[in-house]
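Colleague: pasting the structure only:
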């Protein structure tokens, strides 16, 4: 399957077959890593620009290490240190970077900036997180579920917390395309992006996926294979902290909630975690947690994304 030269702005633009191909490629890169192939020269001499407007640990480090393990190099470009900070347009930045590097991983505050970069760049632009979606996280998550459960179709994922979460948006898109059963437990005031939800529900009709919502977290986790949560207050939402914490307090993932899910349920969190808010220590550090395997898989899925998309 040929994906070279493609942008990865949102998984809406990818078919179920293409998404599964990326995930299976990530698993193959991980297998080869653990059999001793730590460096695979899939992208010799290539240079990847990491254009970040927001701070990052996992996305930045996993892409930097992934590039090195593929024989490529990377340049970290902090938004505030570029001429973007002095008013240079995204269009001109995209045109310029296209003459220097082979691909751009961009982490931005507003999703429209990714669209603008992709419009004017002549090289692949990869979404490293926006306020709307986080496709590279969702791909790594689906890889982790397939690795742990041996399947994706029919797996029940219960997302507990903020229904307007950007990671959830990408989980809904990828999950609907891959046939998952996703139950979102969230206050009615917090719902996914309207267009994303519409796409997921329409896709589910064709794939047999199930997308459902409830305000009851205990109802959501019954029979769940995966219990998933994210921080309640994302970067840039600090002014809403008090309101959101009060609203989401009943949606904490704790031992009581996990006991309703049952012993076969695995706990996932995209990290960073605000311990004591959306999740308790005994859950994130407990035997059902796979968050560290999940975090590691970001490295292997980034290798797949770069190797498949960068010409």
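Modeller: Okay, I see it. In this text, all values refer to a predicted model and were calculated from it rather than measured experimentally.
Colleague: Correct me if wrong: residue 168 contacts residue 160.
Modeller: No - in this structure residue 168 lies outside contact range of residue 160 using C-beta atoms under 8 Å: 10.2 Å. Yep, even glycine has a C-beta here, placed from its N, CA and C like the rest.
Colleague: which one of those two has more residues nearby?
Modeller: When residue 168 is set against residue 160 and neighbours are counted by other C-beta atoms under 10 Å, the residue ahead is residue 168, at 30 against 27.
Colleague: quick one, phi psi at the more buried one?
Modeller: phi -60, psi -40 (degrees, to the nearest 10).
Colleague: so who does it touch?
Modeller: 159, 162, 184, 192, 230 (C-beta atoms under 8 Å, 6 or more residues apart in numbering).
Colleague: Looking at those, which two lie furthest apart in space?
Modeller: The most widely separated members of those are 192 and 230, with 12.6 Å between them, by C-beta to C-beta.
Colleague: Please enumerate the shared neighbours of the two.
Modeller: Common contacts of residue 192 and residue 230, defined by C-beta under 8 Å, 6+ apart, comprise 165, 168.
Colleague: got the buried residues for the least confident helix or strand in the chain by mean pLDDT?
Modeller: When the helices and strands of the chain are compared on mean pLDDT, DSSP states H and E, helix 241-248 comes out lowest with a mean of 90. Within helix 241-248, the residues scored as buried using 16 or more other C-beta atoms under 10 Å are 244, 247-248.
Colleague: what does the average pLDDT come to for the next helix or strand after it?
Modeller: Along the chain past helix 241-248, the next helix or strand (assigned with DSSP states H and E) turns out to be helix 255-261. Throughout helix 255-261, pLDDT has a mean value of 98.
Colleague: what's helix 255-261 in contact with?
Modeller: 158, 160, 217-218, 221-222, 224, 227, 265, 267, 280, 282-283, 286, 288.
Colleague: starting at the chain centroid, how far to the helix or strand following that helix?
Modeller: Following helix 255-261 in sequence order, the next helix or strand is strand 266-269 (DSSP H and E). The offset between the C-alpha centroid of strand 266-269 and the centroid of the whole chain comes to 14 Å, using C-alpha atoms, centre = their mean, to the nearest Å.
Colleague: Any buried residues in the helix or strand following strand 266-269, and which?
Modeller: Next along the chain after strand 266-269, taking DSSP H and E as the criterion, comes helix 281-284. Within helix 281-284, the residues that qualify as buried by neighbour count (16+ other C-beta under 10 Å) are 283-284.
Colleague: and residue 286, what pLDDT?
Modeller: Turning to residue 286, the model gives it a pLDDT of 98.
Colleague: how much space between it and residue 254?
Modeller: For residue 286, the distance to residue 254 (C-beta to C-beta, to the nearest Å) stands at 10 Å.
Colleague: same check, this time on residue 305
Modeller: From residue 305 to residue 254 the distance is 34 Å (C-beta to C-beta).
Colleague: Neighbour count: the two, which is higher?
Modeller: Remark: of residue 305 and residue 254, residue 305 carries more neighbours, 26 against 14, as counted by other C-beta under 10 Å.
Colleague: The one helix or strand that one maps to: which residues count as buried?
Modeller: Here residue 305 sits within helix 291-309, counting by DSSP H and E. Residues of helix 291-309 classed as buried: 291, 294-309 (neighbour count, 16+ other C-beta under 10 Å).
Colleague: same thing with stretch 134-150?
Modeller: 134-147.
Colleague: Return the member of the contacts of residue 168 nearest to residue 73.
Modeller: residue 230 (31.5 Å).
Colleague: Count the neighbours of that closest one for me.
Modeller: Residue 230: 25 neighbours (other C-beta under 10 Å).
Colleague: doesn't residue 56 make contact with residue 272?
Modeller: No - contact between residue 272 and residue 56 fails when scored by C-beta under 8 Å: they sit 9.9 Å apart.
Colleague: Show me which of the two is the more surrounded one.
Modeller: Neighbour comparison, residue 272 and residue 56: the larger count goes to residue 56, with 19 against 13 (by other C-beta under 10 Å).
Colleague: Over to the more buried one. Which of the three states is it?
Modeller: Counting by DSSP: H, G, I helix; E, B strand; the rest coil, the backbone at residue 56 sits in coil.
Colleague: contact partners of stretch 202-214?
Modeller: Applying C-beta under 8 Å, 6+ apart, the contact partners of stretch 202-214 are 16, 153, 163, 172-173, 175-186, 191, 197, 200-201, 220.
Colleague: got it, and stretch 227-235?
Modeller: Around stretch 227-235, the neighbours that count as contacts under C-beta under 8 Å, 6+ apart are 54-55, 131, 141, 157-162, 165-168, 171, 221, 240-241, 244-245, 248, 251, 253, 257-258, 261, 265-270, 272-274, 277-279.
Colleague: This completes my enquiry, with thanks.
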